[in-house]
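**Student:** Predicted coordinates and the sequence they were generated for:
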Amino acid sequence: MQISLLYGLNALAAALFLMTAFLFLASRQTAGSLSLFVRQALLLSASALLQAYALHSLDLLLVAVITVAAKVFLIPWMLRRSLGGTFQSRREVELAVSVPTSLVIAIGASLVAYFVSQPIASQMPSFVAVNLPVGLAGLLISVYALAVRREALPQFLSLLMLDNAAFFAGVAIASTSALWEIIAALEGIIVTIIVALLTRTISERIGTTQVGQLAGLREEGSR
Amino acid sequence: MILLLVPLLPIAAALITLVPAKPFVARGATLAAAVLSLGIAVWTAQQVGLSGAVTALPHWVGSDSLSVLLLLLQAVLAVTAALYSWGYIAREVGADEARERRYYLDLNLFITSLFLIPILLQPALTWVAVELTTLLSVFLVGFNRSAEGLEAAWKYAILTIMGATVAVLGILLLLYGLHGASPSAPETWAALSGAAPKMSPNLLRLAFVLILVGFGTKVGLFPLHTWLPDAHSQAPSPICALLSGVEVGTVLYVILRLLPVWSAIPHFPVHGWLIAFGLLSVGAAAFLLLQVHDFKRMLAYSTVEHMGIILTAVGFGQAGSYAGLYQLITHGLAKSLAFYAAGAVLLLYRTRAISEVRGLLRASPFSAAMLLAAALAIAGVPPFAVFLSEFSILRSGLVAGYDWIVALLALFIAVAFIGVMMQVGRMVFGEGPAPNGSLRLPGSVVGAISLSLLPVLILGLYTPPLLHRLLTLASLAISR
């Protein structure tokens, strides 16, 4: 396969990756958000796979396989198993900011990511030049998504999207460290188990997963 | 190789807690593991004092002057927290033995994750250990299972994991720069510092922002501090002591570890950034301390203040770094004493509301004296250790020519002093109803508080030569 075709396919994966981040921001149902997370993880592993092929890197191939196993199969399965009821709910997730406003902010965040990473990416190989700004944009959008969601599970899904974004840039810039990518993937699974347990405990004890309604603790100046 | 036992001992204790035996087995195993870990930490400190570094597994596990300082602090607090927990948690859980064993399981795993951070030589693995500190302490923060406790645990988990995920991109960028500058170099802290001058300044700047913001969230630097007063006030008191006394300092250590890397960026005012973030945190925390209504939240805001002081001190240069690292130790010791004393007050009054605790001196002279001593210690009053470190910080700032910064810092420290002493003064000397809880404190609580007071007093009057040597070596290492 020609290298320019691999670059082109990676750029396509990056464009779709960024699009899923925008769609996630617009998504108002938990099941839909989980499905977007899975698709984004698939795009992350596709990018790793393309780079593995282009750079003849066994490490990156391993990263792609681990990403699919952990994020496409295991984590969604664990979340559905422990919090199935929340995913079946058709109720719309409560957002602190309207979707159109959030999308405008996401465009701004993408521009910031582009201009911040441009001086670095321009001196780097083509894969990094694409993955770094897209990963950084995904990072900013996910932090914003986390801030405006007021329910436990959508907040956690934002955190998982944040992880995807960091590793989308990561697979391009640290393509030789498979060991700790494996550890990071295992840790992602631990994060999911612990947060799912915490969400279930909150739901059992308080009767809701709407963390926005938990307002017993307030900053002193805002009381 | 003996250094490897430091994280293995609490893991062994955690395994023992899984045995459905009487609770004293879990309590004893936890305390024994902590005491043995302290012994190894002291031995390691002596070796580092002699040779500069100890290596257990080359490029993987080892310790130098900076990391062993932290390891010592962690081990001391692990001992006092295990001792304090003995009676405190037994009273909290009552006859629920399974819950008590679960507490000790979580406590040992949390201590393991803390011990890993200073002894791991690779930044990527250290990042994993930082993540583990959050994951393994989430259920300790929400241990009381109240709505407020679970809310605090949720904020703690989400915000600090978010911070760590932002920081990981910074670490990946550094590793990329390392591979470009020295392709065959191991991915260690030392290799990063050595290769930094050959890395792209733009790459280093972006990594700096991501790591400072990411780990700064976990350190509780303003304005990323919002989770800290919640988590550090809702957890059981021995956990608060570990979170405030050592966990935030441990993550600050990771930021400090990278100072030689940031200093290699040409025309980049890294010290200016540290002073700006530090001073902002001290100022915000000082004024929040004046408005606080919950005595454990008051101590948590004081932690934000002290982290800011340390960051500002490091910005002053090598002498400031020496004093800042000393403050990292003295604050950890004083803050653990403060949370233990606050826990005793909580056992007596069954409330964290400052307005509902009055006349403590009459109700429990021991608790009153210890709370007052702890408040004076964290407020930086002589002869306590924090006074010595804060005085050294202010002096180093003046010597380095940061007159206005020092003036502002001194003003904020004075405001924080007023905030803490005003609230504690009312609790100790004020007039009010008698406490609701039992007036008799568990023996282990009294023992742990008394034990914690000793180093806070001693280090205010005398700096042991080994500690002075380690501080000197560490401050030189991060100020290169």
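**Tutor:** Perfect, I can see it now.
**Student:** How about the contacts made by B:Val130?
**Tutor:** Residues in contact with B:Val130 (C-beta atoms under 8 Å, 6 or more residues apart in numbering or on different chains) are B:117, B:164, B:167, B:215, B:218, B:250-251, B:254. (Glycine included, C-beta is placed from N, CA and C.)
**Student:** correction: A:Ala13
**Tutor:** A:43, A:46-47, A:50.
**Student:** Highest neighbour count among the residues you listed?
**Tutor:** In terms of neighbour count, A:Ser47 stands highest of the contacts of A:Ala13 at 31 neighbours, by other C-beta atoms under 10 Å in any protein chain shown.
**Student:** host element of that one?
**Tutor:** Taking DSSP states H and E as the criterion, A:Ser47 maps to helix A:30-55.
**Student:** Check the average confidence over that helix, would you?
**Tutor:** Mean pLDDT, computed over helix A:30-55, is 91.
**Student:** does any part of the helix or strand that that helix is followed by sit near chain B?
**Tutor:** Once helix A:30-55 ends, the next helix or strand along the chain (criterion: DSSP H and E) is helix A:58-67. No. Residues of helix A:58-67 are not located near chain B by C-beta under 8 Å from any C-beta of the partner chain, the shortest gap being 12.1 Å.
**Student:** Relative to A:Val191, which of the contacts of A:Ala13 is nearest.
**Tutor:** A:Leu43 (20.5 Å; C-beta to C-beta).
**Student:** if I pick the closest residue in space to the closest one that isn't next to it in sequence, what's in contact with it?
**Tutor:** In space, and not counting its chain neighbours, A:Leu43 is closest to A:Phe17: 4.5 Å by C-beta to C-beta, 6 or more residues apart in numbering or on different chains. Residues counted as contacts of A:Phe17 (C-beta under 8 Å, 6+ apart) are A:40, A:43-44, A:47, A:134, A:138, A:164, A:168.
**Student:** can you check B:Tyr322 too?
**Tutor:** Each residue near B:Tyr322 by C-beta under 8 Å, 6+ apart is listed here: B:392, B:396, B:471-472, B:474-475.
**Student:** hang on, the earlier thing: name the nearest of the contacts of A:Ala13 relative to B:Trp127.
**Tutor:** A:Ser47 (21.6 Å).
**Student:** My guess is that closest one contacts A:Tyr7. True?
**Tutor:** No. Taking contacts as C-beta atoms under 8 Å, A:Ser47 lies outside contact range of A:Tyr7: 11.2 Å.
**Student:** Give me the common contacts of the two.
**Tutor:** Taking C-beta under 8 Å, 6+ apart as the criterion, A:Ser47 and A:Tyr7 both touch A:Phe127.
**Student:** Can you check the pLDDT for A:Ile206?
**Tutor:** With respect to pLDDT, A:Ile206 has a value of 69.
**Student:** For the stretch 1-150 of chain B, which segments are assigned as strands?
**Tutor:** B:53-57, B:61-64 (DSSP state E, counting those that start in this stretch).
**Student:** Out of those, which one sits most buried?
**Tutor:** The highest average neighbour count among the strands of the stretch 1-150 of chain B, using mean count of other C-beta atoms under 10 Å in any protein chain shown, belongs to strand B:61-64 at a mean of 22.
**Student:** which residue ranges form the helices in chain A?
**Tutor:** Ranges of helices in chain A, per DSSP state H, are A:3-26, A:30-55, A:58-67, A:75-88, A:99-121, A:126-148, A:152-173, A:178-206.
**Student:** out of those helices, deepest packed?
**Tutor:** helix A:152-173 (a mean of 27).
**Student:** packing partners for that one?
**Tutor:** helix A:3-26, helix A:30-55, helix A:58-67, helix A:75-88, helix A:126-148, helix A:178-206, helix B:147-181 (3 or more C-beta pairs under 8 Å, 6 or more residues apart in numbering or on different chains; DSSP states H and E).
**Student:** Mind putting those into a markdown table with distance to A:Ser102?
**Tutor:** Below are the helices and strands packed on helix A:152-173 laid out as a markdown table (distance: least, C-beta to C-beta, whole Å):
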| stretch | distance to A:Ser102 |
| --- | --- |
| helix A:3-26 | 5 |
| helix A:30-55 | 13 |
| helix A:58-67 | 27 |
| helix A:75-88 | 22 |
| helix A:126-148 | 6 |
| helix A:178-206 | 23 |
| helix B:147-181 | 17 |
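**Student:** And those, which one averages the lowest pLDDT?
**Tutor:** helix A:178-206 (a mean of 72).
**Student:** Find the centremost residue of the chain, please.
**Tutor:** All of this refers to chain A. A:Met161 (1.4 Å; C-alpha atoms, centre = their mean).
**Student:** How about chain B?
**Tutor:** B:Val246 (2.3 Å).
**Student:** wait, that one sits on B:Leu333?
**Tutor:** No. In terms of C-beta under 8 Å, B:Val246 does not count as a neighbour of B:Leu333; the distance is 9.6 Å.
**Student:** Spell out which residues are contacts of both of the two.
**Tutor:** B:73, B:77.
**Student:** Give me the subset of the contacts of B:Val130 lying in helices.
**Tutor:** In this view, those that belong to helices under DSSP H are B:117, B:164, B:167, B:215, B:218, B:250-251, B:254.
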